[in-house]
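Chemist: sequence and computational prediction follow.
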Amino acid sequence: MKIKILAVLLTAAGLAAWSGCARKAKDPVLARVGDRTITVGEYIRRAEYTIRPPYAKLNTPVQRSIVLNSLIAEKLFALEGEKDSRLLQNERFGLEMKGRLEQAMRFYMYQHEALDRADVDKADVERTAALAGRTYELAYFSIPDSSAAAVIGEQLKSGVPFEEVFRSVADTMKMPVREASYLDEKHRAVRDALFSGPLARGQVLDPVNVDGEYTLFMQVRGWTDRPIITDGELRRRYEDVREEMVRERAIGIWEDRVGRIMEDKTLHFYTDAFVQLVKLVGDQYYKNLDEIKDSFNRAFWSDRDMEVNVALPGNASLRQAPFFRIQDKVWTIADFERLMLSHPLVFRDTRIPKSEFADQFRLAVGDLMRDHFINEEAYKRGYDRIPAVQNQRLMFQDAMVAVEHRQRILESMGETRDLSKHMDAVLNQRLNPYVDSLQAVYSGKIGINVEELEKLQLTRIDLFVKYKQAPYPVVVPDFPILTSDYRLDYGKKMK
């Protein structure tokens, strides 16, 4: 059994949250805490991409200062906590941080080698923007068989009416109809067919091959047009279209880049081990479809807690059995298990019929190995040393060590109240005074860019942002519940 690893773009789908700020020519430093930095981009993401507590939810100068104080406090807790942190001594935690670094490397590689090189022609943008206000009403049908699709295409080209062709291949008399707008249409080939030039009512479009899976036939029934009234609307539409065209161009560049990395690599599975793993993993997977990835992880270890040892179902001989071969290297089930400690398996579909689980499992393993070889290329280029990449790993590491240190400090104070239920009391009586003491100790090592802070504005809308199709989907850690103090009466001003 073998599978050719395809150059399918999965990591690029949710990149905007990370690379959006990284693409800026400069992301100003908002604060320094020892050898740590907090940039303007990180401040915004930490405040807007997760849920803020009530005392920091508004967009006022006081509450924006509370946000910064909280992020600085997190760094202080991390600096104090790393002195005797159990997490930092835990191998599984180290592997997870390695995985977060490698995910950030792949994101940076996409940004640097694809997104930053994706140029589009101004005339193409203007032509597409002129049509982007349309929402088409389309009659359509699709044919999975390429030979049958070719015959149908010839019939339509010869003038056979669209509805007549549809009735000859469909088991229903009712023609499917849907709407399609520029920004909402996700298939690039369909979008190109609809918005590359003017269309007429009743026009039958050329057949469109969608992802190599089926051929789509469409007829324009009509459209509505959203007129542009102001110059501002014109600029916004132009920029929206340009951004989308750049993204599409970048995806093409990235797919070509990954294709060259993977062109000589074929994944050969050992059937006996594959079948056993499909059975073991599948049984666990279907226990709880609402927790798909966690359910899969439990097939390999009994809990996601960092202190729990890996416990693969089955005996030791199963763990040492060969699972697959790639580039003349044999990977055992134990090797695969260890790789997943830094790169959890990601299924392409969120709900998988049992009849398709083996195929989806095989694809997920292939995607994991694709990322493994992209990582090798990224390391060769030194992307692991890029500050934005390092900061992404350090952001999560510091957040987790800070939580560990907070728990230790509260226990040492004899605090037993549930922080989530008694937040104000625990903050005022325990954590705020402790943070004040750390600010005094580290004051000489803290710098704050007050000018940049005064420029910032935050949304009041609760958001929780996740990457799509990524082993670590959560974009930022939880907001740090460490202090509700707004005073910036410590450290020194930065320029």
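Modeler: Yes, it's here. Numbers count the residues shown, from 1 in each chain.
Chemist: what about the helices in the stretch 151-300 of the chain?
Modeler: With DSSP state H, counting those that start in this stretch, the ranges of helices along the stretch 151-300 of the chain come out as 162-169, 188-195, 231-262, 271-285, 292-298.
Chemist: CSV for the ones you listed, including distance to S355, mean pLDDT and mean neighbour count?
Modeler: For glycine as for every other residue, the C-beta is placed from the backbone atoms N, C-alpha and C. Below are those laid out as CSV (distance: least, Cβ to Cβ, whole Å; pLDDT from 0 to 100; neighbours: other Cβ atoms under 10 Å):
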stretch, distance to S355, mean pLDDT, mean neighbour count
helix 162-169, 25, 91, 15
helix 188-195, 28, 92, 18
helix 231-262, 28, 93, 16
helix 271-285, 11, 86, 16
helix 292-298, 17, 44, 17
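Chemist: in the helix or strand harbouring F141, what counts as buried?
Modeler: Assessed by DSSP states H and E, F141 sits inside strand 134-143. Buried residues in strand 134-143, counting neighbours by 16 or more other Cβ atoms under 10 Å, are found at 134, 136, 138-141, 143.
Chemist: circling back: and the helices of the stretch 151-300 of the chain as JSON lines, adding distance to K83?
Modeler: Listed next are the helices of the stretch 151-300 of the chain as JSON lines, based on distance: least, Cβ to Cβ, whole Å:
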{"stretch": "helix 162-169", "distance to K83": "71"}
{"stretch": "helix 188-195", "distance to K83": "52"}
{"stretch": "helix 231-262", "distance to K83": "41"}
{"stretch": "helix 271-285", "distance to K83": "39"}
{"stretch": "helix 292-298", "distance to K83": "31"}
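Chemist: go through those helices and name the closest to Q407.
Modeler: helix 292-298 (22.4 Å; Cβ to Cβ).
Chemist: after the closest one comes which helix or strand?
Modeler: Taking DSSP H and E, what comes next after helix 292-298 is helix 316-319.
Chemist: give me the buried positions along that following helix.
Modeler: 318-319.
Chemist: and that helix, what does it pack against?
Modeler: helix 333-342 (3 or more Cβ pairs under 8 Å, 6 or more residues apart in numbering; DSSP states H and E).
Chemist: and for the helix it packs on, what are the contacting residues?
Modeler: 92, 95-96, 98-99, 102, 273, 277, 297, 300, 310, 312, 318-321, 323-324, 331, 365, 368, 372 (Cβ atoms under 8 Å, 6 or more residues apart in numbering).
Chemist: circling back: and of the buried residues of strand 134-143, the nearest to S70?
Modeler: Closest to S70 out of the buried residues of strand 134-143 is R134 (46.2 Å), distances taken as Cβ to Cβ.
Chemist: quick one: average pLDDT of stretch 58-66?
Modeler: For stretch 58-66, mean pLDDT rounds to 96.
Chemist: how about stretch 402-422?
Modeler: Computed over stretch 402-422, the average pLDDT equals 97.
Chemist: what about the nearest residue to R191 once chain neighbours are set aside, how many residues nearby?
Modeler: Counting by Cβ to Cβ, 6 or more residues apart in numbering, E185 is the residue found nearest to R191 once chain neighbours are left out, at 4.6 Å. A total of 18 residues lie near E185 under the criterion other Cβ atoms under 10 Å.
Chemist: surely E185 and L194 touch.
Modeler: Yes: look at E185 against L194 with Cβ atoms under 8 Å: they come within range, at 6.8 Å.
Chemist: can you pull the pLDDT of L199?
Modeler: 94.
Chemist: ditto for D349
Modeler: 81.
Chemist: tell me the SS of the nearest residue to it once chain neighbours are set aside?
Modeler: Distances taken as Cβ to Cβ, 6+ apart place Q360 nearest to D349, at 6.0 Å, with adjacent residues excluded. Three-state call for Q360 (DSSP: H, G, I helix; E, B strand; the rest coil): helix.
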